[in-house]
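S.K.: Below are the sequence and a predicted model for it; my questions follow.
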Amino acid sequence: MDMLWSGWGDPAKAAPLPDSVTGLLRDLLGVKPSETAPPALDEIPLPETPAAPALRALADAVGGAEHVRTDAESRIRHTRGKSTPDLLKIRAGDAVDAPAAVALPATHDEVLAVLRACAEHGLAVVPFGGGTSVVGGLAPERGAFVALDLRRMNGLLAIDPVSRTATLQPGLRAPDAEALLAEYGFTLGHFPQSYEWATIGGFAAARSSGQASAGYGRFDEMVLGLTLATPQGTLDTGRAPRSAAGPDLRQLILGSEGAFGVITSVTVRIRPLPRTRVYEGWRFASFEEGTTALRRLAQDGPRPTVLRLSDETETFIGLAQPDAIGSDEASATAGCTAIAGYEGTEEETSRRREEAAEVLRAAGGTYLGAEPGDRWAHGRYSAPYLRDALLDAGAFVETLETATFWSRVPELYAAVRTALTETLTAAGTPPLVMCHISHVYENGASLYFTVVSAQGDDAVAHWAPAKEAANEAVLGAGGTISHHHGVGTDHRDWYLREAGPLGVEALRAVKRRLDPDGALSPGILLPLD
C-alpha cells in the first residue's frame, strides 16, 4: 500500500477532529475551516519526463520498463516529504519538485547501474524509502532527478542468533522488519512516530531515534555494518562490533541522507522479544520538576525502556494522551504528564518499575496508574493522522526538535518557545507551543516542540520566519539543529554553522570523492558547489 499522497499514512485510519477540539482551536487561535480541497492528481502540472534514451537506460538498469514509472500518480507520490509545508504545497497543486521518473531497483548491482545510467544522461538521484522526511530531504536543488524507490529491496538477508545480528535491506518498512525478526524471537526495538511507513535505509540515512530509545538506543547505536552504493563503486563497512582500525566509516554514512551514496544493506544489533510490556503515567507539578526526575533516571538508573515528559501546555491539550485530546479528562490533569515504559521479562520489568518508582516519587512524582501509559501506547503513531485533520480544519501544525546537555535544557526550552511565540504572534497568528522530552541520555536530552496556529493567508510563508527564528534560537542556546529528523535542505544552513567551516570542507571532500558530479541528493545536507 502507498501512503496518502496529500497527507499521512493509510487513508482508512484518518479521522475527523472531535467537536471539542474544533471549538478549542476556534476559541483559542481563531482557526477557520479550510474551504479549498486538494486538486485531483491529473490536474497537477508536472516537470517533463526524461528523454527516451534515458528511460531505456533506466529500464535496462532495473531489469525492465515495468520498474521505471513516469505516470503522474507515481511521480506525485514521490514529491517532497511529509512536513507541513510539503503537504500544504502539494494540496495546493504545487509539484515543481516532482521527480522526472521513479526507478525501482531490486539489488545492489541494480542500484549501481541506475547511478551509472543517471550519470550518463545528466540526471540527479534521490534515494526514496518511506517518504517520511520532514526536513526537505527529498527535494533536491538541481534540475531533473530520478527518485530511487527502494521498496523492492525489502528482505531479511541474514540473521545470526548467536551474535544477535541481522542484515536487512534498505527498503524494508519497520513493521515488516519487526515481523521478520519476530519469527526468530527477536526485535529491533526501533519505534519512531513514523514507524508504520519509514524504512531501514531511512533510519540509517537520517540517524533516526525511536520512542523506546531509553531502552534500545538510537538507530545509529544499533548499526554494526553498512553497504553503500556510490557513483565510484561500493563501500562496505563493519567487520566487527567495535574496532580501533582507524576512524569508523559507518559513522560517515550514518546521517549522510543520500548525499554520499545509496545504502543497500544494514547490519543491526537485535534483542530478544520482550515477554512483557508495561506503560504507566506520572504527574509532576512543573516541567522543571519532571525534567529533574528524568535526569535522575537517565544518569543513575534504573532507566525505563520508554521515558518521556510533556510540558504543561502539551499535557493540558492532551498530546501526552493522544486518544484523549480535547477531552475533560485531558484538561483536568494539572502539571506535566510523564510516561514510563518497561519491556523485558516479567521479573526484570517488575524490579525496574519498583526501583524507578522510588526515584520518581522522591523527585515529586505522583503515580497515575496504567491508563495514561496505555493511552499513549495505543495512540503513539496517531499524531501525523491528527495533523491531517488539523490542516483540514484550517489549523497550521508543525514540529521541530533539538537536543542539548541537561544544564542547558531550561535555556533551550525557553529560547525556542519565545522565538516561535513572538514571531507567529507578530505575524497575526498567535500559536500554542507545546513541548516534550522523548529521548534521554546520561548527559542530556531532546526537546520536541509542536506548534499550532491559524493558517493565515499564506501558511507556508508565515511559517518560514518562525522556523528561522526557532533555528537561530536553537544554535544560540547551545542546542543541535536536529536530534533525529535530520538536516535535509531545511536545516542545512544552520548545520553548516554547527559543523564549522573546516568540518564542512572535510565533508565536501568526501562527497567529491564518492560523488564527483554532485548527482546524489544535490543541495541536501551540503550546499551545491
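M.R.: That came through fine. Residues are numbered from 1 along each chain as shown.

S.K.: Which SSE is immediately downstream of the lowest-mean-pLDDT helix or strand in the chain?
M.R.: Comparing helices and strands within the chain by mean pLDDT, DSSP states H and E singles out helix 328-331 as the least confident, with a mean of 49. Remark: after helix 328-331, the chain's next helix or strand is strand 336-344, criterion DSSP states H and E.

S.K.: pLDDT (mean, whole number) over that following strand?
M.R.: What strand 336-344 shows for mean pLDDT is 97.

S.K.: Endpoint to endpoint, stretch 200-214 covers what distance?
M.R.: 19 Å (Cα to Cα, to the nearest Å).

S.K.: Could you do stretch 40-48 as well?
M.R.: Start and end residues of stretch 40-48 are separated by 19 Å (Cα to Cα).

S.K.: Identify the residues contacting that stretch?
M.R.: With contacts defined as Cβ atoms under 8 Å, 6 or more residues apart in numbering, stretch 40-48 is touched by 5, 72-73, 75-76, 90, 93, 95-96, 98, 100, 144. C-betas here are computed from N, CA, C, even on glycine.

S.K.: Secondary structure for the residues you listed - can I get that in JSON lines?
M.R.: JSON lines is the format used below for the contacts of stretch 40-48 (DSSP: H, G, I helix; E, B strand; the rest coil):
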{"residue": "5", "secondary structure": "coil"}
{"residue": "72", "secondary structure": "helix"}
{"residue": "73", "secondary structure": "helix"}
{"residue": "75", "secondary structure": "helix"}
{"residue": "76", "secondary structure": "helix"}
{"residue": "90", "secondary structure": "helix"}
{"residue": "93", "secondary structure": "coil"}
{"residue": "95", "secondary structure": "coil"}
{"residue": "96", "secondary structure": "coil"}
{"residue": "98", "secondary structure": "coil"}
{"residue": "100", "secondary structure": "coil"}
{"residue": "144", "secondary structure": "coil"}
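
S.K.: Return the members of those classed as buried.
M.R.: In these, burial by neighbour count holds for 5, 72, 75-76, 90, 95, 98, 100, 144, counting by 16 or more other Cβ atoms under 10 Å.

S.K.: ok, of those, which one's closest to residue 354?
M.R.: Of all the buried ones among the contacts of stretch 40-48, residue 354 sits closest to residue 5, with 48.4 Å by Cβ to Cβ.

S.K.: Would you mind confirming that the closest one is in contact with residue 90?
M.R.: Yes: Residue 5 is within contact range of residue 90, at 7.0 Å (criterion: Cβ atoms under 8 Å).

S.K.: what residues are shared contacts of the two?
M.R.: Jointly contacting residue 5 and residue 90 under the rule Cβ under 8 Å, 6+ apart are residue 76.

S.K.: among the contacts of stretch 40-48, which one has the lowest pLDDT?
M.R.: For pLDDT, the smallest value among the contacts of stretch 40-48 belongs to residue 5: 92.

S.K.: Leaving out sequence neighbours, find the closest residue to that residue.
M.R.: Spatial nearest neighbour of residue 5, excluding adjacent residues (Cβ to Cβ, 6 or more residues apart in numbering): residue 77 at 5.0 Å.

S.K.: distance of that neighbour from residue 99?
M.R.: Residue 77 sits at a distance of 10 Å from residue 99 (criterion: Cβ to Cβ, to the nearest Å).

S.K.: of those two, who's got more company?
M.R.: Using other Cβ atoms under 10 Å as the criterion, residue 77 and residue 99 rank with residue 99 on top: 33 against 23.

S.K.: now the more buried one: how far from residue 42?
M.R.: Applying Cβ to Cβ to residue 99 and residue 42 gives a distance of 17 Å.

S.K.: so what's the residue nearest to residue 345 when sequence neighbours are not counted up against?
M.R.: Excluding the flanking residues, the one nearest residue 345 by Cβ to Cβ, 6+ apart is residue 275, at 5.3 Å. Contact analysis of residue 275 by Cβ under 8 Å, 6+ apart lists 344-346.

S.K.: Including distance to residue 313, could these go into TSV?
M.R.: Below are those laid out as TSV (distance: Cβ to Cβ, whole Å):
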residue	distance to residue 313
344	33
345	37
346	37
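
S.K.: Which of these ranks first by neighbour count?
M.R.: residue 344 (19 neighbours).

S.K.: ok, now which ones touch that one?
M.R.: By Cβ under 8 Å, 6+ apart, residue 344 lies in contact with 274-276, 305, 352.

S.K.: Surely the residue nearest to residue 5 and residue 6 touch.
M.R.: No: with contact defined as Cβ under 8 Å, residue 77 does not reach residue 6; the gap is 9.9 Å.

S.K.: So what's the residue count around residue 4?
M.R.: Burial of residue 4 is recorded as 18 neighbouring residues (other Cβ under 10 Å).

S.K.: Report the contact partners of the closest residue to residue 168 other than its chain neighbours.
M.R.: In this structure, residue 168 finds its nearest non-sequential neighbour in residue 200, 4.7 Å apart by Cβ to Cβ, 6+ apart. The contact partners of residue 200, by Cβ under 8 Å, 6+ apart, come to 129, 168-172, 174, 177, 266, 268.

S.K.: Residue 367 - that's part of a helix, no?
M.R.: No: applying three-state DSSP, one finds residue 367 to be strand, outside a helix.

S.K.: how about stretch 177-190: buried residues?
M.R.: Quick answer for stretch 177-190 (16+ other Cβ under 10 Å): 177-178, 180-181, 186-190.

S.K.: Quick check: mean pLDDT of it?
M.R.: Per-residue pLDDT over stretch 177-190 has a mean of 98.

S.K.: Span of it from start to end?
M.R.: 10 Å.

S.K.: what are the phi and psi angles of residue 284?
M.R.: Backbone torsions of residue 284, given as degrees, to the nearest 10, read phi -120, psi 150.

S.K.: now the closest residue to it other than its chain neighbours: how far from residue 212?
M.R.: Once flanking residues are discounted, residue 284 sits nearest to residue 290: 3.6 Å by Cβ to Cβ, 6+ apart. To residue 212, residue 290 is 19 Å away according to Cβ to Cβ.

S.K.: Which one's more surrounded, these two?
M.R.: Taking other Cβ under 10 Å, residue 290 and residue 212 do not tie; residue 290 has more neighbours (29 against 23).

S.K.: neighbouring contacts of the helix or strand harbouring that one?
M.R.: Assigned by DSSP H and E, residue 290 falls within helix 287-300. Applying Cβ under 8 Å, 6+ apart, the external contacts of helix 287-300 come out as 214, 282, 284, 303-304, 307, 309, 311-312, 336, 338, 356, 359-360, 363-365, 406, 409-410, 413, 435, 437, 440-442, 445.

S.K.: Of these, grab the buried ones for PyMOL.
M.R.: Buried residues among the contacts of helix 287-300 (16+ other Cβ under 10 Å), as a PyMOL selection:
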select buried, resi 214+282+284+303+304+307+309+311+312+336+338+356+359+360+363+364+365+406+409+413+435+437+440+441+445
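
S.K.: Give me the phi and psi for residue 153.
M.R.: Torsion angles at residue 153 (phi, psi; degrees, to the nearest 10) stand at phi -100, psi 80.

S.K.: can you pull out the strands in the stretch 151-300 of the chain?
M.R.: Using DSSP state E, counting those that start in this stretch, the strands of the stretch 151-300 of the chain run over residues 156-160, 165-168, 186-187, 223-230, 233-237, 262-269, 271-272, 276-284.

S.K.: Tell me which of those lies nearest to residue 51.
M.R.: strand 262-269 (23.4 Å).

S.K.: For the stretch 301-450 of the chain, which segments count as helices?
M.R.: All helices of the stretch 301-450 of the chain, identified by DSSP state H, counting those that start in this stretch, fall at 312-317, 328-331, 346-362, 370-378, 383-392, 409-426.
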